[in-house]
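> The following comprises the amino acid sequence and a computationally predicted model.
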Amino acid sequence: MSKDIGPPFTAEEIAAAGDGFPTRGLYCTKCKTFIPEFAALSTEDYHRIRVLALENRSALAMAELKAATGCSERWAKIWVIHSGRPTVVAPGPPCPRCGKPLATERAKQCLHCHANWHEA
């Protein structure tokens with residue numbers, strides 16, 4: 001189960017945080033860490049950096065994230081290790097269409113029957 005706590009971090013908040021751990025964001029129940037969300041991270045940058053992280057190009061992904069957001073090495077590492085999303089420990093709730101478990105609590109599409117409610 002993941003919980004989203006608070007708004008994305010602004011550039012000013014990131015600068016003030018220094019090298020401490022993030023105090024809000026998406027919560028990973030597996031490692032008990034908040035995954036920071038960044039107000040200045042564009043959708044294009046998010047997807048590019050996430051692909052780098054998923055391709056195990058962690059150093060490049062961290063450098064790109066730091067350049068795009070101004071975050072610390074620690075925050076970039078936390079974000080890249082998680083590819084921007086919490087580790088799923090348990091499946092999400094059942095799909096409203098087929099009843100099989102969704103990938104996460106916040107899923108908007110079923111991986112089994114492909115039902116999609118993004119626009120709902």
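That came in fine, so what should we check first? These numbers come from a predicted model, not from an experiment. Residues are numbered from 1 along each chain as shown.

> residue ranges with poor pLDDT in this structure?
By pLDDT under 70, the low-scoring segments of the chain are 1-4, 88-89, 119-120.

> which residues in it form strands?
Here the chain has its strands, by DSSP state E, at 4-5, 25-28, 33-35.

> So what touches the second one?
Under the contact criterion C-beta atoms under 8 Å, 6 or more residues apart in numbering, strand 25-28 has outside partners 2-6, 8-9, 33-37, 82, 85-87. For every residue, glycine as well, the C-beta is placed using N, CA and C.

> try stretch 7-24
5-6, 25, 33-41, 69-75, 78.

> Does residue 53 touch residue 78 like I think?
No: in this structure, residue 53 is not within contact of residue 78 by C-beta atoms under 8 Å, at 11.3 Å.

> ok so, going back, export the strands of the chain to CSV and tack on distance to residue 16 and mean neighbour count?
Shown next, in CSV, are those (distance: least, C-beta to C-beta, whole Å; neighbours: other C-beta atoms under 10 Å):
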stretch, distance to residue 16, mean neighbour count
strand 4-5, 18, 14
strand 25-28, 16, 21
strand 33-35, 16, 21
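
> would you turn these into TSV with distance to residue 117?
Formatted as TSV, the strands of the chain follow (distance: least, C-beta to C-beta, whole Å):
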stretch	distance to residue 117
strand 4-5	18
strand 25-28	20
strand 33-35	24
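
> Nearest to residue 106, out of those strands?
Closest of those to residue 106 is strand 4-5, at 7.7 Å (criterion: C-beta to C-beta).
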